[in-house]
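Colleague: pasting a predicted model and its sequence here:
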Amino acid sequence: MSTPVEYIQKHQETFKEELFDLLRIPSISADPNHKQDVRRAAEFVAGQLEKIGLNNVSIEETDGHPIVLGEHLEAGPDKPTVLIYGHYDVQPPDPLDEWKTPPFEPTVRDGKIYARGASDDKGQSYTHIKAIESFLKTGTELPVNVKFIIEGEEEIGSPSLVPFLAANKDRLACDMVLVSDTAMFAKDTPSITYGLRGLMYLEVEVVGPNRDLHSGVYGGGVQNPANALCEMIAKLKDEKGVIQIPGFYDKVRPLSEQEREAYAALPFDQEVYNKTLDINEEFGEDGYSTLERVSGRPSLDVNGIWGGYQGEGAKTVLPAKAFAKLSARLVPDQEPKEIYKLIESYLHDVKPPGVRVTVKEHHGGYPVLVDLDFYGLKAAAAAFQEIYGKEVLFAREGGSIPIVADFAKTLNATTILMGLGLNSDSIHSPNEHFHLKDFERGMKSSARFFELLGDYVE
């Protein structure tokens, strides 16, 4: 009888083809036109959970897209219970003309799977399904209890999952949550993320006259909403990127000396970073390194700005309205609602005369920090080190997974962020990809984590 790791090695090609079937489903949660595709993805995941032998597999209806559940609880109540979280929804693939191959037709090039969702998060979450399969199909005792919760709304802020957690606390009770929706620090460098920034996303509308106006007839006599919006945005930060909103930094937890030493120890090359992004120099707050700026400090950015004529050629108008979407990345102990109110108030304070401003809150999430001494984290590090043959790094990440904070608040569970992809995987961008080698090592690392976890129980 083969071991779980041997089973994974033997069935690599089958697992890849199964993943390809999932990647072909355009489960774009933000687009109502793909509602049925999102459901097809949920049905595919549920089918996989049933196929490997999990119990109580179900597709749970919500006000939005469905949630898939499954469990294997035969280790007993005295053993740890791990809730495995992932998401089967994906970002829109636009702009399509920048994809070298179709986004929903998986293609292997240079040892990488290219497809929307390959890394975020279908490929990564699928590794855990196959890891559990490696136990159940080989007859190997699974030394822990496992539950799966795979959602279809992560890319739109998980609006249905939070109330679902609250309504199903007993059903989802666990000792820890395992998530693979983050990145390793570098290629072939096993890394565990112990911190995530939070998020506050909002939209600004600036309204002036009751219609678009001729710029020759009215220019200079009427406030231009596009100009006004640009003026407001310019006042959000100073020339060094320091956010100018009163109170924005009041609750920011300073980086400790230990954390700054850990940042300094990470293998980061600023010159390579700049070259990869094709920028001349980095930018940000004085006194902080790039890594500290993008994961340990808060940020505020324009994600989109529009208004007026967008077509070919010229049309001399003053737009009646102008819009912008903004996002703030938050660090402990910033509160998303408080930050929203601070930004909203500031935008009203700095608006020039002659326009009306409306600020609309979209969604947000709390920042997260995990105790490095948590036994589950130690087991994950040991599994990573064994499979990759390298010492594991611990790093904070600049992105957000809002549901991680909800796992802590609602289920009182610590989350292990066992990232398997890379920041260079072009997630949310054209030509998203996932290294085949990391797909394989991810499955093996997951299997070893479940085997080792019992040895680390406190």
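Modeller: Sure, I can see it.

Colleague: so what's the residue lying closest to Leu420 once chain neighbours are set aside up against?
Modeller: Nearest residue to Leu420 in three dimensions, chain neighbours excluded: Gly442, at 3.8 Å (Cβ to Cβ, 6 or more residues apart in numbering). The C-beta positions use only the backbone N, C-alpha and C, and glycine is treated the same way. The neighbours of Gly442, taking Cβ atoms under 8 Å, 6 or more residues apart in numbering as the test, are Gln124, Thr127, Ser180, Leu420.

Colleague: count the residues that sit near the closest residue in space to Asp333 that isn't next to it in sequence.
Modeller: Nearest in space to Asp333, with sequence neighbours left out and distances taken as Cβ to Cβ, 6+ apart, is Lys251 at 4.8 Å. For Lys251, the tally of surrounding residues (other Cβ atoms under 10 Å) stands at 15.

Colleague: cool, Ser289 as well?
Modeller: There are 17 residues near Ser289, going by other Cβ under 10 Å.

Colleague: the helix or strand of the chain with the lowest mean pLDDT packs against which elements?
Modeller: Lowest by mean pLDDT, DSSP states H and E among the helices and strands of the chain is helix 257-265, with a mean of 86. Using 3 or more Cβ pairs under 8 Å, 6 or more residues apart in numbering; DSSP states H and E, the elements in contact with helix 257-265 are helix 290-295, strand 393-397.

Colleague: now do the buried residues in that helix.
Modeller: Within helix 257-265, the residues scored as buried using 16 or more other Cβ atoms under 10 Å are Glu259, Arg260, Ala262, Tyr263.

Colleague: same check, this time on stretch 323-339
Modeller: Neighbour counts over stretch 323-339 (16+ other Cβ under 10 Å) mark 323-332, 334-336, 339 as buried.

Colleague: got it, and stretch 263-281?
Modeller: Buried residues in stretch 263-281, counted by 16+ other Cβ under 10 Å: Tyr263.

Colleague: nearest to Ile8, of the contacts of Gly442?
Modeller: Nearest to Ile8, judged by Cβ to Cβ, of these is Thr127 at 9.2 Å.

Colleague: would you mind measuring from the closest one to Thr3?
Modeller: 17 Å (Cβ to Cβ, to the nearest Å).

Colleague: got it, and Tyr375?
Modeller: 23 Å.

Colleague: for Glu153, same thing?
Modeller: Taken as Cβ to Cβ, the span from Glu153 to Thr3 is 36 Å.

Colleague: more neighbours, these two?
Modeller: Glu153 (24 against 15).

Colleague: can you name the residues that contact that one?
Modeller: Glu153 is in contact with Ser29, Thr62, Gly64, His65, His87, Asp89, Pro159, Ser160, Leu161, counting by Cβ under 8 Å, 6+ apart.

Colleague: with adjacent residues omitted, what lies nearest to the first one?
Modeller: The reference is to Ser29. Distance criterion Cβ to Cβ, 6+ apart; nearest residue to Ser29, sequence neighbours excluded, is Asp89 at 3.7 Å.

Colleague: ok, now the last one?
Modeller: Using Cβ to Cβ, 6+ apart and skipping the chain neighbours, the partner closest in space to Leu161 is Glu151 (5.0 Å).

Colleague: any idea how far Tyr88 is from that neighbour?
Modeller: Where Tyr88 is concerned, Glu151 sits at a distance of 7 Å (Cβ to Cβ).

Colleague: ok, Leu291 next?
Modeller: Computed as Cβ to Cβ, the Leu291 to Tyr88 distance reads 31 Å.

Colleague: please identify which of the two sits among more neighbours.
Modeller: More crowded of Leu291 and Tyr88, by other Cβ under 10 Å: Tyr88, with 30 against 21.

Colleague: surely the more buried one touches Gly47?
Modeller: No: applying Cβ atoms under 8 Å, one finds Tyr88 not in contact with Gly47, separated by 11.8 Å.

Colleague: related to what we said a few turns ago, how about the contacts made by the residue nearest to Leu161?
Modeller: His65, Ile67, Val68, Tyr85, Gly86, His87, Tyr88, Asp89, Ser158, Ser160, Leu161, Ile403.

Colleague: let's go with 7 Å and repeat that
Modeller: Ile67, His87, Ser158, Leu161 (Cβ atoms under 7 Å, 6 or more residues apart in numbering).

Colleague: now the residues you listed in JSON lines, with secondary structure and neighbour count?
Modeller: Compiled in JSON lines, the contacts of Glu151 are given as follows (DSSP: H, G, I helix; E, B strand; the rest coil; neighbours: other Cβ atoms under 10 Å):
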{"residue": "Ile67", "secondary structure": "strand", "neighbour count": "24"}
{"residue": "His87", "secondary structure": "strand", "neighbour count": "31"}
{"residue": "Ser158", "secondary structure": "coil", "neighbour count": "24"}
{"residue": "Leu161", "secondary structure": "helix", "neighbour count": "25"}
